[in-house]
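Engineer: Below are the sequence and a predicted model for it; my questions follow.
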Amino acid sequence: MAVEKRIVVGASGASGMPLLIKCLEILQDNEEYRSLLVMSRSAKLTLEQETDWSVSQVEALADEVLDPDNIGAGPASGSYRTEGMVIVPCSMKTAAGIVSGYTDNLLLRAADVTIKEKRPLVLAARETPMSEIHLRNLYELSRMSNVWIVPPMMTFYQKPESIDDMVTHLAAKLLSPFGVEVKEYRRWKGC
Ligand SMILES: Cc1cc2nc3c(=O)[nH]c(=O)nc-3n(C[C@H](O)[C@H](O)[C@H](O)COP(=O)(O)O)c2cc1C
């Protein structure tokens with residue numbers, strides 16, 4: 001039997017919860033991958049503010065749910081094998097915690113481990129407008145070769161017909177560094 005590839009899916013308290021849901025749905029549909037979900041307290045609050053989903057409904061999409069206070073969970077150690085981590089959405093507070101190595105919860109510790117083990121770390125960093133502080137932190141992170149800064153920015157070249165189309169396109173981009181293929185994702189073919 002093939003071993004599932006573990007992807008740590010972190011969520012912090014920025015806007016963009018439909019993207020978290022879509023990423024989990026894509027991974028759930030893909031037998032090759034196993035999702036390990038870590039949601040911060042603010043992520044749970046934001047989820048309830050901007051969607052009709054409950055925390056337990058979102059958790060049910062994941063293969064494993066990890067308590068953000070459980071600093072002893074698998075992804076807190078580099079010897080625990082994962083394909084990497086996506087943080088969707090990624091708040092400016094979490095970005096600041098990552099860049100400064102301030103690992104006071106499992107979300108931050110798992111990101112820190114992902115960086116030190118040189119595995120892909122994808123950040124759906126979201127705030128608008130971004131201040132000099134936000135941009136400086138994201139710039140520092142972007143200089144690390146295994147870190148992808150993928151702000152959830154709208155695109156129109158794929159001619160989305162719905163918000164769901166837009167969300168799927170963004171989720172596919174977020175999961176692309178892990179080799180996850182999304183059939184609905186329309187890659188640019190050139191003019
Ligand atoms: C509805 C809602 C939307 C928010 N959107 C953002 C956002 O887009 N970006 C951001 O950096 N913070 C946003 N925040 C603020 C963060 O949730 C807050 O800074 C929190 O402390 C982040 O904690 P965490 O990174 O540990 O999840 C939002 C808060 C709420 C309640």
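Structural biologist: Structure's in. What do you need?

Engineer: can you list the weak-confidence ranges in this protein?
Structural biologist: Counting by pLDDT under 70, the chain contains low-confidence residues at 1-2.

Engineer: The ligand versus residue 89, what's the distance?
Structural biologist: 7 Å (C-beta to the nearest ligand atom, to the nearest Å). C-beta: built from backbone N, CA, C; applies to glycine.

Engineer: Any idea how many residues pack against that residue?
Structural biologist: Counted with other C-beta atoms under 10 Å, the neighbours of residue 89 add up to 26.

Engineer: what about it, is that helix, strand or coil?
Structural biologist: Assigned by DSSP: H, G, I helix; E, B strand; the rest coil, the conformation of residue 89 is strand.

Engineer: now the one residue in the chain that gets nearest to the ligand: how far from residue 6?
Structural biologist: When distances are taken as C-beta to the nearest ligand atom, the chain approaches the ligand most closely through residue 13, which lies 2.6 Å from it. Relative to residue 6, residue 13 is positioned 24 Å away (criterion: C-beta to C-beta, to the nearest Å).

Engineer: And residue 113, by the same measure?
Structural biologist: Relative to residue 6, residue 113 is positioned 12 Å away (C-beta to C-beta).

Engineer: Please apply the same query to residue 126.
Structural biologist: Residue 126 is 24 Å from residue 6, where distance means C-beta to C-beta.

Engineer: out of everything not next to it in sequence, what's closest to residue 61?
Structural biologist: Leaving aside its chain neighbours, residue 61 sits nearest to residue 24 (3.8 Å; criterion: C-beta to C-beta, 6 or more residues apart in numbering).

Engineer: Which secondary structure element is home to that neighbour?
Structural biologist: In the assignment (DSSP states H and E), residue 24 maps to helix 17-29.

Engineer: Please find the angle between the direction vectors of the helix or strand just after that helix and helix 17-29.
Structural biologist: Next in sequence after helix 17-29, counting helices and strands by DSSP H and E, comes strand 33-39. Interaxial angle of strand 33-39 relative to helix 17-29 (axes from the mean of the first three to the mean of the last three C-alpha atoms, to 10 degrees): 150 degrees.

Engineer: Work out the gap between strand 33-39 and the centre of the chain.
Structural biologist: Between the mean C-alpha location of strand 33-39 and the chain-wide mean there is a distance of 10 Å, by C-alpha atoms, centre = their mean, to the nearest Å.

Engineer: got the residues of the protein near the ligand?
Structural biologist: 12-15, 40, 42-43, 45-46, 49-50, 91-94, 126-127 (C-beta under 6 Å from any ligand atom).

Engineer: redo that, cut-off 8 Å
Structural biologist: Taking C-beta under 8 Å from any ligand atom, the part of the chain that reaches the ligand is made up of 11-16, 40-43, 45-46, 49-50, 89-95, 97, 105, 107, 126-128, 134.

Engineer: Which ones among those lie within strands?
Structural biologist: Assigned to strands by DSSP state E, the following of these qualify: 11, 89-90.
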